[in-house]
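A.B. asks: Sharing a model prediction with you, sequence too.
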Amino acid sequence: MTKKIVIKIGGTAATQLSPAFFETIKTWQKQHAKIIIVHGGGDHISSLMTQLNEPVQKINGIRFTTQKGIEITKMALLGQVQPALVEAFRLNAVAAIGLNAGSNQLLTGHMLDQDIYGYVGAIHQVNSQLIQKMWQQNLVPIIAPLAISNDGQWLNVNADHAATAIAKYMQADELYLLTDVSGVKVSGNILQKITPQKALELQESHVITGGMVPKISSAIHAVERGVHNVHITNTVTHPGTIITL
Ligand SMILES: Nc1ncnc2c1ncn2[C@@H]1O[C@H](COP(=O)(O)OP(=O)(O)O)[C@@H](O)[C@H]1O
Ligand SMILES: CC(=O)N[C@@H](CCC(=O)OP(=O)(O)O)C(=O)O
């Protein structure tokens, strides 16, 4: 059976992809797996905002985004992070294509809560036919975490949430949330396997904070919506913490 694998690459992880990462992608492709990359780029967005005198403000790992903020977010994601990632794939001989919300209506979303987050969205529709067409051409789609609303407003989407929505929509088997830590830590130890119930408990007891919050809520959501395994790890060659039923 064809496996579908969604890999979210955090902003920091995107600049440090190893040869082993690309070898793993090639091995999965030989096994006929279908792969989607969703990239982050929070660090790039924050530094461009600072350069352009736009305040950097996050609420539980989600960026408060003004209209000027959304323009800067597009500049960082589509002008800096995505082209660098597409280039890394080219250099490592994996055929890939950079896509965004506007690519034939790839990602449609709605505003989360304008009063709290500003122009931040949640994805509710994915042009799955476009992704299928890319797969037929053996291209790996590399997708930016943005959405466009029904009335044409661009929205900033947390990249963990974007990867989860795409994994759910494409009925993916595996979701990798690559980050700068090798898994979820409790008292300094990396957990190997946890249920969504246990993940929720960790979240509620504040063992998980900052950027790990959207990852855990994404993992819970993904597993409850049919994704078999969610991996929180720093590399695809290591399973990290697996969230599974
Ligand atoms: N219990 C925890 N286990 C591991 N990391 C945690 C935990 N709680 C908070 N974190 C933080 O979450 C960070 C990962 O989130 P973030 O920096 O937003 O990554 P990314 O940019 O890859 O999305 C870790 O570097 C760590 O500082
Ligand atoms: C709404 C929201 O928070 N959007 C994120 C999108 C990028 C992202 O999530 O990047 P990382 O995965 O590298 O953190 C942001 O503006 O930072």
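C.D. replies: Sure, I can see it. Ligands and ions are numbered 1, 2, ... in the order given.
A.B. asks: is stretch 212-223 up against ligand 2 anywhere?
C.D. replies: No. Using Cβ under 6 Å from any ligand atom, stretch 212-223 stays clear of ligand 2, coming no nearer than 7.5 Å. (Each C-beta comes from the backbone N, C-alpha and C, glycine too.)
A.B. asks: so does that stretch get close to ligand 1?
C.D. replies: Yes. Counting by Cβ under 6 Å from any ligand atom, ligand 1 is contacted by stretch 212-223 at Met212.
A.B. asks: Show me which residues of that stretch are buried.
C.D. replies: Residues of stretch 212-223 classed as buried by neighbour count (16 or more other Cβ atoms under 10 Å): 212-223.
A.B. asks: By proximity to ligand 2, which residue of this structure wins?
C.D. replies: Minimum separation of the chain from ligand 2 (Cβ to the nearest ligand atom) falls at Gly40, amounting to 2.3 Å.
A.B. asks: Model confidence score at that residue, please.
C.D. replies: pLDDT recorded at Gly40 is 96.
A.B. asks: Isn't it up against Gly11?
C.D. replies: Yes. Contact status for Gly40 versus Gly11: in contact at 4.4 Å, counting by Cβ atoms under 8 Å.
A.B. asks: Those two: which has the busier surroundings?
C.D. replies: Gly40 (27 against 21; other Cβ atoms under 10 Å).
A.B. asks: and the gap between the nearest residue to that one once chain neighbours are set aside and ligand 1?
C.D. replies: In space, and not counting its chain neighbours, Gly40 is closest to Ala159: 3.7 Å by Cβ to Cβ, 6 or more residues apart in numbering. Ala159 sits 6 Å away from ligand 1, going by Cβ to the nearest ligand atom, to the nearest Å.
A.B. asks: Ramachandran angles for Ala159?
C.D. replies: Phi and psi for Ala159, reported as degrees, to the nearest 10, are phi -70, psi -30.
A.B. asks: OK, contacts around it?
C.D. replies: 8, 10, 38-42, 145 (Cβ atoms under 8 Å, 6 or more residues apart in numbering).
A.B. asks: and the strand or helix carrying Asp43, which residues are buried?
C.D. replies: Element membership for Asp43, per DSSP states H and E: helix 42-51. Judged by neighbour count (16+ other Cβ under 10 Å), helix 42-51 contains these buried residues: 42, 44-46, 48-49.
A.B. asks: In contact with the residue of the chain closest to ligand 2, which residues?
C.D. replies: Gly40 makes contact with 8-11, 13-14, 81, 145, 159-160 under the criterion Cβ under 8 Å, 6+ apart.
A.B. asks: Let me see the residues that make contact with the helix or strand in which Asp115 is found.
C.D. replies: Using DSSP H and E, Asp115 maps to helix 114-117. The contact list for helix 114-117 (Cβ under 8 Å, 6+ apart) reads 59, 62-65, 111.
A.B. asks: So for it, mean pLDDT?
C.D. replies: Mean predicted lDDT for helix 114-117 stands at 97.
A.B. asks: CA atoms only: put the helix or strand that comes right after it into CSV for me.
C.D. replies: Going down the chain from helix 114-117, the next helix or strand is strand 121-126, by DSSP H and E. Coordinates of each C-alpha in strand 121-126 appear next as CSV, following Å, rounded to 0.1, in the frame of the first residue of the first chain:
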residue,chain,number,x,y,z
GLY,A,121,-5.8,31.4,10.0
ALA,A,122,-6.8,27.7,10.2
ILE,A,123,-6.9,25.7,7.0
HIS,A,124,-10.2,24.1,6.1
GLN,A,125,-9.7,23.1,2.5
VAL,A,126,-6.8,21.7,0.5
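A.B. asks: any idea how far the residue of the chain closest to ligand 2 lies from ligand 1?
C.D. replies: For Gly40 relative to ligand 1 (Cβ to the nearest ligand atom), the value is 5 Å.
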